[in-house]
Structure formats: C-alpha cells, structure tokens
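1. model the following, please.
(chains A and B)
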Amino acid sequence: MQGSDQRPLGRQHFYLQSTLARWRRFLFHWRLFRRQPFGLLGLAIIAGFGVMAVIHPLLMGTVWDRARYDPIVGFDVDLESNPSLPSTEHLLGTDNFGRDVLSQLVAGARTSFGVGIVAAIVAVTLSTFLGAAAGYLGGMADVVLMGISDVFVLLPAPIVLLIFGLLLRLDWPVVGVLYGILTGLGVQAITVKAQTLTLKVKPYIEAAQIAGGGDGHIIVAHILPGLVPIAVVHGVLTVVGAVLTESLLSFFGRASYHLSWGLMIWLGQETFRWFSFRGQWHAILPPALAIMLYCGAFYLVGRALDEVLNPRLRRR
Amino acid sequence: MTKFIVRRVVRGLIALVLFQSMLFALLHALPYDISSLVPGGPDARLFIRRMYGLDRPLWEQYALWLVDFVRGDLGKSYLFYPMPVSDILRANLPRTLLLFLSAAVLAYLFGIWLGKMLAWRRGGLFEVGATLGGVAAYTSFAPFLGFLMINLFGWYLRWLPYQRLVDHNVWYQTTVRVDWLLGRMVVTALLALGAGLLLRRATRRLKSRPLRSMVRMGGLALLGMGVWSWWSRSGLEPLALDVLNHLALPLGTVILLSFGETMMLMRMSMLETAREDYVLLARAVGYPERVIRDRHVARNAILPVLTRLVLSLPFILVGSLVIERVFLWRAMGNVIFTAIEYYDLPVLLGVLSVIGVLTLVAHVVLDVLYVYLDPRLRYAEGG
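-> Take a look at the predicted model:
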C-alpha cells in the first residue's frame, strides 16, 4: 500500500535522522583523523595534560599532605634548605619558597586549560557570528566589520594586554577574554568572512531564500554549519596563542599572581643561574617544557584538523 | 586598477585613523598618568599636567595630536621631556627592524624550502623530524629558548657572544656610529643579493648541470671576494664582524621561533595546489617531478604564506620585548617597557602608530600585488 509511505513522518523522526547523520559525519572525520599520526600524538599529549588538570585535587586529598604539597602555601619543614634538588619526597624538587614543583606543575595545567578554553570560546564566537553576518548580509555590515578587523589586525595582543595591565588586574579569565577579543576580531573574522562568501553562492542557500527563509534563519541554519570546520581549527589554534601570551605576561611579572607555568618560570629565575648548566634547572625546566608540549600538542591537532576538515586536501 | 588602488588606500587611511583613536582612547582611559609618579603635592602634579597639556579637554588633546601626526611630528616624550619621540624612534627602531626583518626573511626562505620538501616527500624520518622539530621550536617559550641558546652557544661551547649588539673593546677608539654601520651593512647585503639573483638568472639557460653549478659557485666566490675586499679597504671590517658576531645568537633564536609556522603553512598550501588540474597536465606532459614541484606548484603556493608573513608584522614588537630582555639589547622592546611603566603616552602612541603605518603600507602593497598577479581578481576588480 502506498498509504503507509505517505504517512507524515513525526518531528521525532527528523531529529533522529539528523542526529544519525551528524554522528556518521563525525565518524567519517574521525576515521580521517586517525590516519594523522601527529594529530593523534597531539591528542594523546592533550589528554595527558587533561588528566593532570583533573587529578590535582584528588592527589591533594589522598597522596599529598596539604600542608607540605599545596602548590601555593605548601612548605616542607623537614627540608634543610630551599630550593632543593629532586628527591623521593619531592619528585621534581622544591622552589625557593619550599613549594613542591610537581604539585605546582600539575596545578598549572588548570590555568592553561582555563585561559585556552575561555580565549577559544570568545574568539570563535565573535569571529564566526560577525564574519558570517558580514559575509552573508554584505553592504553596510560588511563595511563596518571589515573596518573593525582592519584595526584589530594591527594590534599585537601581548602589548595591548600589557597596557590593559595598567587598567585592571590581569587574572587568567581576563587574559583569556581579552586575547579572545583581540584575535577573534582580527584575522579570524576576515578568514570566516571569506569562507562565508564561498558558501553564500551555493544552490541550497538560494533554495532556502526562495522558500522564504529570513536572513537570521539562513545564517543560523545553513551558513553556520558550513563554518564549523574553520571554527574548530581557529579555536584549537587560539589556545596556543592564548597560553603563550599568558605565559609571557606572567614571565614579565605583569599578570596577577594566579598560579601558572609562566609564573613558575618568573619566580624560578631568582634562584636559577641562567648562565650555567649547574644552576637549579629543576625549577625552570618542567614549566618551560610543559608550555612547549602543551602548545605544540594543540598546534599539531589544529593542523591535523585543518587537513581533515578541508575537503580540498582529502584523498591524496 | 587605479580605482582599486585608490579605494584600498582610502580604506587603509580610515583604518589608521580608527586605530589611532582607539589607542588614544585606551591610553587616556588609564586611571593614572605620569603626574601621579611625581613626588610632591597636588601643586606639583597640576604643574606637570599643565606642562604636558593633560589638563585640557580630551578632544582638544586628540585633535592637537592628530594634526601634529599628519605634519610628521610625533610630540615629545613625557619621561625624557624635551626629547622628541621621533629621535627615540630613530635611535632604536633601525636595529630592531634589522634583527627582525632579516630574521623574518631568512626564516621565511628556510620555512618555504622545508615545507616544499615536506609536501613532496611524505613519510619517513625526514617528515617526523622536520614536523616535530619545527612545531617544538615554534611553540617553545621564547625566553626559555633564548636562554637555552645562550647556555649552549654562549657558555658551554663559548662560540658566540650573547650580550649587547657591540663589544666595547673593539669599538672604543672609533668614531663610527653603529646605526651608520648597520645601514651600510644592509646596503651591502641588498647589493650582494641583487648580484646573486642576477647571476642565477644569467646562468639559467646553461644546459649541462655540472657546468651550471660550477659557474654559479665561481660567481658566488667572486662575489664574496669582492664584498670582502670592499669592506677591508674601508677598514671597517673588524667592526662589521663584531656586529655580525653579536647578531648571530638573537638572529638564530628568532629564526628558530618563526620558521615552523611558515613550514606548516607552506606544506598545507603545496598539498592544496598540487590537486589543481594544471599540475596533472604538467605530469602528463612529462616534466620531471622537481620541475613540477618548484615551478608549477611552489610558485602558486607561496601567495597565502606571504599573506601570513605580512599579517605577522606588528608582532615584531612582541618579539623585541622578549629577545631584547634576554640578550640585553637596548632597542624598541626596552622603549616600550619603559613607556608602559612610566605612562609615557606620546612614546607609546608614536611607536604603535609607526609600526601600524608600516604594516598598513605592507597590507596595501600586498593587496595590490595580489590583484596584479592573479588575473581572476584583476578582472573582478574591473581591470
């Protein structure tokens, strides 16, 4: 009977279909990503840092005595002098205030994730919505947005943040938000706009316009999904810049005193003799390597995603 | 074409004015100014504020500053009061630009070459080493990389000096100014580069490869000897060698920090370009792989990478903050730090504006070049 085929499908059915389609697309991309060895390596390193960020409170409660191993106010009364070299008690030694370096390193991962994620969310939100609006609407919106982007491209984020440091306390959320604004409105918005222009001339957009879709509806329902790949890549690469900027500000002693890897390096300088291999390397080397590994991992994942999500690069 | 250039320049000028207004607003929104650093009572503060014109209404200060800027006057530093900002810039900007522009060019060439190779030779130890090494250098913490270089080459191996731009023991009896010598060195380098390119172009038609490489080697050796004899006749070559010696470590650090990005972008761009139809055609015609890689793919893949290079121009200032602190130079980074610390608004405005103008000029030139080079864009912009 034809009648059963003609039965109007329920709304539920459509949701199920679209969810299934999304899941299939994700699996497809994941299979492509799995063939990127550097991307997988980066993902593994990020997962390691993620474990570090989560595990710190658990370790504080169980393995580590809070009075001795607290990353900020801990102090080991049994040690004769500080800073001390690595030992079985303190696997990476202590810094010049007698605080455990490993504990600080593990706790610093939280700040790095925080700064990176806040910056990525702010940057991607701004660049995607404004870039899509400018590209799709054109006209006045385009002129205004490109004017703003022309200006933000000229602003080097760390220097602007140094100036903002005179105006307000640079805690890590503030650094993340400001960095996100500065990068999101600059190059990223221009790239997103260019991508939107290539989407705008696709037949399905015209079909949606003829069917009577409003500008807002078309942007949200048809343009934004096409911008997801570029947004993901931008987000991942923003993390790198944000963490490096935060570390640099901490290293110059201009960020406020939240615990981070850059701050560890800044504080470690005092006991560390830069110009000899005999100095207290253990206070500086772990955070510096952590910054490099963390940012390098995100960079590798970003580039691998770029390769996976960019249809022009597939199937070589 | 003219219409496009005019439109682009107007857009650049609007961006410049907006940029300066934003900076001005930001700097004057700071809760303190330089008068709050002055010891003494409110009278002294008021005197300072009057002297610098900080007591006038904001729009008046802005208008005055803008008019002066258009006339090429950047005002006077608050901290070193009667000294014009342009003098500070003239004393500090050349060496910063020398270090970072030469590093940018070298890193760019190196990154382009590596990226080209990476895209063509997939798999193997070379890919792993180049990718991981480049990314590790690019994302390493800049001051730490600098200290690592100093430890290794300055202290452990004792090959290179690691502090300041010149050695006073070499320079103490000369009347030569460093900036003058730097200018001369840049001119020499540009002349040598031009001669090298001419040599390459002149020998391109030689058919046999051994003969060609021999002629090129001989020409390069002659060129080197010519440069050396020119410099040693002027008696400046110990000074120039001293500067080069001091330049080596910072230059190496900046190159290490920046080539990774170029490499990855070039690789991506090459892979994208290699899928074009004309590459398939070139293969079908039977060109050797090397010719396809260098002439057909790489030349077209360079443009997006060049864009990235121009976009990263303002970040010279960030690099100079770090590198000059690590290698104890006194140049732009030092100026910016001092200006931020002492609320020296004219210096900050001047420095950022000049860098902004340089970047904008580069943007406009790049856009025009793009339209000129790409016929598709040329027709779209109305010839």
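
2. for the stretch 151-300 of chain A, which residues are neighbours of chain B?
-> Within the stretch 151-300 of chain A, the positions near chain B by C-beta under 8 Å from any C-beta of the partner chain are A:151, A:153-160, A:162-167, A:187, A:240, A:244, A:247-248, A:251-252, A:262, A:265, A:274-277, A:284, A:288, A:291-292, A:295-296, A:299-300. For glycine as for every other residue, the C-beta is placed from the backbone atoms N, C-alpha and C.

3. now these: which count as buried?
-> Buried by 16 or more other C-beta atoms under 10 Å in any protein chain shown: A:151, A:153-160, A:162-166, A:187, A:240, A:244, A:247-248, A:251-252, A:262, A:265, A:274, A:284, A:288, A:291-292, A:295-296, A:299-300, out of these.

4. so what's the residue lying closest to residue A:42 once chain neighbours are set aside scoring on pLDDT?
-> Of all residues not flanking residue A:42 in the chain, residue A:300 sits nearest, at 3.5 Å (C-beta to C-beta, 6 or more residues apart in numbering or on different chains). The model reports residue A:300 with a pLDDT of 93.

5. got it, and residue A:313?
-> 60.

6. still on that earlier bit, how near is the residue nearest to residue A:42 to residue A:285?
-> Separation of residue A:300 from residue A:285 (C-beta to C-beta, to the nearest Å) stands at 22 Å.

7. what does the stretch 151-300 of chain B have sitting close to chain A?
-> Within the stretch 151-300 of chain B, the positions near chain A by C-beta under 8 Å from any C-beta are B:151, B:154-156, B:264, B:268, B:271-272, B:275.

8. show me just the buried residues among these.
-> B:151, B:154, B:264, B:268, B:271-272.

9. adding distance to residue B:89 and pLDDT, write these out as CSV.
-> Shown next, in CSV, are these (distance: C-beta to C-beta, whole Å; pLDDT from 0 to 100):
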residue, distance to residue B:89, pLDDT
B:151, 33, 82
B:154, 30, 83
B:264, 34, 91
B:268, 37, 88
B:271, 42, 87
B:272, 41, 86
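
10. all helices of the stretch 151-300 of chain A, in order?
-> With helices called from DSSP state H, counting those that start in this stretch, the stretch 151-300 of chain A shows them at A:157-164, A:172-183, A:189-200, A:203-210, A:215-218, A:224-251, A:261-268, A:281-309.

11. that's a helix at residue B:343, yeah?
-> No: counting by DSSP: H, G, I helix; E, B strand; the rest coil, residue B:343 falls outside a helix, being coil.

12. now it. Nearest residue, chain neighbours left out?
-> Closest to residue B:343 by C-beta to C-beta, 6+ apart is residue B:34, at 4.4 Å.

13. cool, and residue B:361?
-> residue B:12 (7.8 Å).

14. in the host helix or strand of the one you found, what counts as buried?
-> Here residue B:12 sits within helix B:2-28, counting by DSSP states H and E. For helix B:2-28, the neighbour count (16+ other C-beta under 10 Å) marks B:4, B:8, B:11-12, B:15-16, B:18-20, B:22-24, B:26-27 as buried.

15. could you tell me the angle between it and helix A:157-164?
-> Helix B:2-28 runs at 40 degrees relative to helix A:157-164, counting by axes from the mean of the first three to the mean of the last three C-alpha atoms, to 10 degrees.

16. need the pLDDT of residue 257.
-> You didn't say which chain, so I picked chain A. 76.

17. should've been chain B
-> pLDDT, residue B:257: 92.

18. same question for the one 4 residues further on.
-> Per-residue confidence for residue B:261 comes out at a pLDDT of 90.

19. residues touching it, list them.
-> Residue B:261 makes contacts with B:111, B:138, B:308, as judged by C-beta atoms under 8 Å, 6 or more residues apart in numbering or on different chains.

20. residues near the residue nearest to residue B:343, how many?
-> Other residues near residue B:34 come to 18 when the count uses other C-beta atoms under 10 Å in any protein chain shown.

21. and residue A:31, how far from chain B?
-> Separation of residue A:31 from chain B (C-beta to the nearest C-beta, to the nearest Å) stands at 19 Å.

22. can you pull up the most central residue in the chain?
-> As the question left the chain open, I've gone with chain A. Chain A has residue A:239 as the residue nearest its centroid, 2.8 Å off, counting by C-alpha atoms, centre = their mean.

23. other chain: chain B
-> By C-alpha atoms, centre = their mean, the most central residue of chain B is residue B:101, 3.0 Å off.

24. name the element the closest residue to that one other than its chain neighbours belongs to?
-> Computed as C-beta to C-beta, 6+ apart, the closest residue to residue B:101 that is not its neighbour in sequence is residue B:316, at 7.9 Å. Taking DSSP H and E as the definition, residue B:316 sits inside helix B:316-326.

25. tell me which residues of that helix come out buried.
-> With burial defined by 16+ other C-beta under 10 Å, the residues of helix B:316-326 counted as buried are B:316-326.

26. I'd say residue B:46 and residue B:55 touch.
-> Yes: counting by C-beta atoms under 8 Å, residue B:46 touches residue B:55, with 7.3 Å between them.

27. the helix or strand containing residue A:134 versus helix A:172-183: what angle between them?
-> Per DSSP H and E: residue A:134 is located in helix A:101-137. If you take the same axes, to 10 degrees, helix A:101-137 sits at 30 degrees to helix A:172-183.

28. quick revisit: from what I see, the residue nearest to residue B:361 and residue B:362 are in contact.
-> No: Residue B:12 is beyond contact range of residue B:362, at 10.2 Å (criterion: C-beta under 8 Å).

29. count the neighbours of residue A:96 for me.
-> Per other C-beta under 10 Å, the neighbour tally for residue A:96 reads 17.

30. element containing it?
-> Residue-wise, residue A:96 maps onto no helix or strand under DSSP H and E.

31. and residue B:205, helix, strand or coil?
-> Secondary structure assignment for residue B:205 (three-state DSSP): coil.

32. against residue B:294, how distant is it?
-> For residue B:205, the distance to residue B:294 - C-beta to C-beta - is 17 Å.

33. residue contacts, the closest residue to residue A:235 other than its chain neighbours?
-> Nearest in space to residue A:235, with sequence neighbours left out and distances taken as C-beta to C-beta, 6+ apart, is residue A:120 at 4.0 Å. Shown in contact with residue A:120 (C-beta under 8 Å, 6+ apart): A:180, A:234-236, A:238-239, A:242.

34. worst-scoring helix or strand of the chain, pLDDT-wise?
-> As the question left the chain open, I've gone with chain A. helix A:3-6 (a mean of 48; mean pLDDT, DSSP states H and E).

35. any buried residues in stretch A:95-110, and which?
-> Within stretch A:95-110, the residues scored as buried using 16+ other C-beta under 10 Å are A:95-96, A:98-110.

36. would that stretch count as contacting chain B?
-> No: residues of stretch A:95-110 are not located near chain B by C-beta under 8 Å from any C-beta, the shortest gap being 12.7 Å.

37. for that stretch, C-alpha coordinates in PDB please.
-> The C-alpha trace of stretch A:95-110 is given here as PDB (Å, rounded to 0.1, in the frame of the first residue of the first chain):
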ATOM      1  CA  ASP A  95      61.300  26.100  44.500                       C
ATOM      2  CA  ASN A  96      62.800  28.800  46.600                       C
ATOM      3  CA  PHE A  97      59.700  29.200  48.800                       C
ATOM      4  CA  GLY A  98      59.900  25.500  49.600                       C
ATOM      5  CA  ARG A  99      56.900  24.600  47.500                       C
ATOM      6  CA  ASP A 100      56.700  21.300  45.600                       C
ATOM      7  CA  VAL A 101      57.500  21.800  41.900                       C
ATOM      8  CA  LEU A 102      55.500  18.800  40.700                       C
ATOM      9  CA  SER A 103      52.400  20.000  42.500                       C
ATOM     10  CA  GLN A 104      52.700  23.400  41.000                       C
ATOM     11  CA  LEU A 105      53.200  21.900  37.600                       C
ATOM     12  CA  VAL A 106      50.100  19.800  37.900                       C
ATOM     13  CA  ALA A 107      48.000  22.700  39.200                       C
ATOM     14  CA  GLY A 108      49.300  25.000  36.500                       C
ATOM     15  CA  ALA A 109      47.700  22.800  33.900                       C
ATOM     16  CA  ARG A 110      44.300  24.000  35.100                       C
END
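
38. that'll do, ta.
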